[in-house]
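**Q** model this:
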Amino acid sequence: MSEKKYVLAIDQGTTSSRAIVFDHDGEIISVGQLEHEQIFPKAGWVEHNPIEIRDNVDQAIGSALAGAAVNRHSLAAVGITNQRETTIVWDKNTGQPVYNAIVWQDTRTADIVRELAGEEGNDRFRERCGLPLSTYFSGPKIKWILDNVEGARERAEAGDLLFGNTDTWTLWNLTGGPNGGVHVTDVTNASRTMLMDIKTLKWREDTCADMGIPMSMLPEIRSSAEIYGYGSKNSLIIDTPIAGILGDQQAATFGQACFEKGMAKNTYGTGCFMLMNTGEDPVQSQNGLLTTVCYKIGDQPTKYALEGSIAVTGSLVQWIRDNLHMIHTAPEIEPLAKSVKDNGGVYFVPAFSGLFAPYWKDDARGAIVGLTRYNTAGHIARAVLEATAFQTREVLDAMNADSGVDLTELRVDGGMVANELLMQFQADVLGVDVVAPKVTETTALGAAYAAGIAVGFWQGEQDVIDNWSEGKRWAPKMAAEERERTYRLWKKAVTRTFDWVDEDVSNA
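**A** So this is what the prediction gives:
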């Protein structure tokens, strides 16, 4: 067996669980990946089966190690990155979830959110946690489970139930589960629950009380890069240090080497998430963005970020494929969109889960506007892709306003970066260069870097900077007048989605 060492990253995402083996240069050696079922019990409800996720993680690890022809002895460390806000509550004695995972896109907690907001409004907790009240975050989801699953509140108050986002669930199971599993999360994931104080990085007893959540359920909050525990004897990574955790968007920011204040990246996945590093001070947004923890490496100072979260981007392509059957595979969206020279006046606002940044309107619903008899499937396909770029422009405008600094280029990653038409339109509508790295798997790479830094495999951020290299750059080509005309029409289309859910239209 070779003496060469590697780092394994587990990327527990919204649609799949992956394990990727990276070498010291940050290059991919092998990948194991399994998709899991998307469960939609009612309109607006989105769930995953936590047991399926647990088992898929194990299988993905096996596939990745086999593909690299290595075993645990060749691993310096394991890092975890994950879909954030997706909420799991389970019995610590049996390891059995009390309910399916409630996914970050799920809107069932809208009534709870309104109840918690009361007369103080959606910013009631923002000063404490950096977040507006929204169905997006974990806290209201925990409350829903405790309020709606028979016996759950009593078991939680007796100290038998644990909560975690999927990072915590994955770590707990890999380190032994009911037999000594480590119940830990990192600061980035904790900052997405609404329950952590954004300045002290500790759970807020008053917020937990307001939401009726026993603090005994909550995992211990640790940094993003330190040894949390070791693979259990029942795992393929027995005795291997699990040493890095970052929520997926923070992991991508780390993997993109956005270490300087003012640097930003955008990840194009199920949703779209832009993060800008704001340095060692949390910046309270005045323009509908989230204040979040960017990363914390061991004992080093915490770095913060502003984030713009967009609920539906890549999943809109999935919807066009699976629900409307306009295409058979996701990549077919590009040639279909290229079959027309422009959007033909069609704008598609995919407010399927309400509108996230910068609007935060959970009563919005999706709309296609501007349709005429002239329009074809090509125009709708183009509008689908353009929706991602327009939503990103709205977030970038908010970031520029909050930070006082105009971004000069945007680093991009995620699956949709392979779409040339989208990336060129993104540069056009932003009016700045869009840059993709050579290794676009920056989410998993960021988790690998955090874990590797914790055990000395990499020395620190400089190694990440040295490994980052530009893969492709798109420069804007659109005339400024055309850019502003089409953006003005997009903003007009967005207003048509507001306030759709009312007393006569169920939110479910």
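
**Q** Point me to the residue sitting farthest from the middle of this structure.
**A** Relative to the centre of the chain, and counting by CA atoms, centre = their mean, the farthest-placed residue is R373 at 38.1 Å.

**Q** A337 versus that one, what's the distance?
**A** For R373, the distance to A337 (CB to CB, to the nearest Å) stands at 20 Å. Just so you know, the C-beta spots here come from the backbone N, C-alpha and C atoms, and that holds for glycine as well.

**Q** And for G460?
**A** From G460 to A337 the distance is 42 Å (CB to CB).

**Q** Pull the contacting residues for R321.
**A** When contacts are counted by CB atoms under 8 Å, 6 or more residues apart in numbering, R321 touches I327, H328, T329, A330, E332, I333.

**Q** residues near the residue nearest to I237 when sequence neighbours are not counted, how many?
**A** Distances taken as CB to CB, 6 or more residues apart in numbering place G231 nearest to I237, at 3.4 Å, with adjacent residues excluded. Close neighbours of G231, defined as other CB atoms under 10 Å, add up to 21.

**Q** Adjust the sequence numbering to begin at 650 for everything that follows.
**A** Done: numbering now begins at 650, and the last item shifts to G880.

**Q** Would you agree G880 is in contact with L823?
**A** Yes. Using CB atoms under 8 Å, G880 makes contact with L823 at a distance of 5.7 Å.

**Q** Give me the common contacts of these two.
**A** Common contact partners of G880 and L823 (CB under 8 Å, 6+ apart): V727, I886, I891.

**Q** Which secondary structure state is assigned to H722?
**A** With DSSP: H, G, I helix; E, B strand; the rest coil as the basis, H722 sits in helix.

**Q** What separation do you get for it and N992?
**A** Relative to N992, and taking CB to CB, H722 is found at 54 Å.

**Q** Comparing those two, which residue is more hemmed in?
**A** For the pair H722 and N992, the greater number of neighbours falls to N992 (25 against 11), based on other CB under 10 Å.

**Q** Give me the pLDDT for that one.
**A** Looking at N992, its pLDDT is 94.

**Q** Could you check how far it is from V966?
**A** The separation that N992 has from V966, given CB to CB, amounts to 15 Å.

**Q** And E701, by the same measure?
**A** 23 Å.

**Q** Helix or strand: which one has the residue nearest to K654 when sequence neighbours are not counted?
**A** Leaving out its chain neighbours, the residue that sits closest to K654 by CB to CB, 6+ apart is A725, at 4.5 Å. Assessed by DSSP states H and E, A725 sits inside strand 724-731.

**Q** helices or strands up against the helix or strand that that strand is followed by?
**A** Moving toward the C-terminus from strand 724-731, the next helix or strand (DSSP H and E) is strand 737-740. Applying 3 or more CB pairs under 8 Å, 6 or more residues apart in numbering; DSSP states H and E, we find strand 737-740 packed against helix 787-797, helix 801-806, strand 810-813, helix 815-823.

**Q** JSON lines for the ones you listed, including mean neighbour count?
**A** Conversion of the helices and strands packed on strand 737-740 to JSON lines gives the following (neighbours: other CB atoms under 10 Å):
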{"stretch": "helix 787-797", "mean neighbour count": "23"}
{"stretch": "helix 801-806", "mean neighbour count": "18"}
{"stretch": "strand 810-813", "mean neighbour count": "26"}
{"stretch": "helix 815-823", "mean neighbour count": "28"}
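
**Q** out of those, which comes closest to D1046?
**A** helix 787-797 (28.0 Å; CB to CB).

**Q** and P931, what is it in contact with?
**A** P931 touches G779, I847, K848, T940, Y953, counting by CB under 8 Å, 6+ apart.

**Q** Among these, name the buried ones.
**A** G779, I847, T940, Y953 (16 or more other CB atoms under 10 Å).

**Q** Please identify which of those residues is nearest to D672.
**A** Y953 (30.9 Å).

**Q** Contacts only, for that closest one.
**A** Contacts of Y953 by CB under 8 Å, 6+ apart are I847, N926, T927, G928, E929, D930, P931, V932, T940, T941, V942, C943.

**Q** What's opposite the second one in the beta bridge?
**A** Applying DSSP bridges to N926 yields these beta-bridge partners: A954.

**Q** Run through the stretch 900-1049 of the chain and note the low-pLDDT ranges.
**A** Across the stretch 900-1049 of the chain, nothing is flagged by pLDDT under 70.
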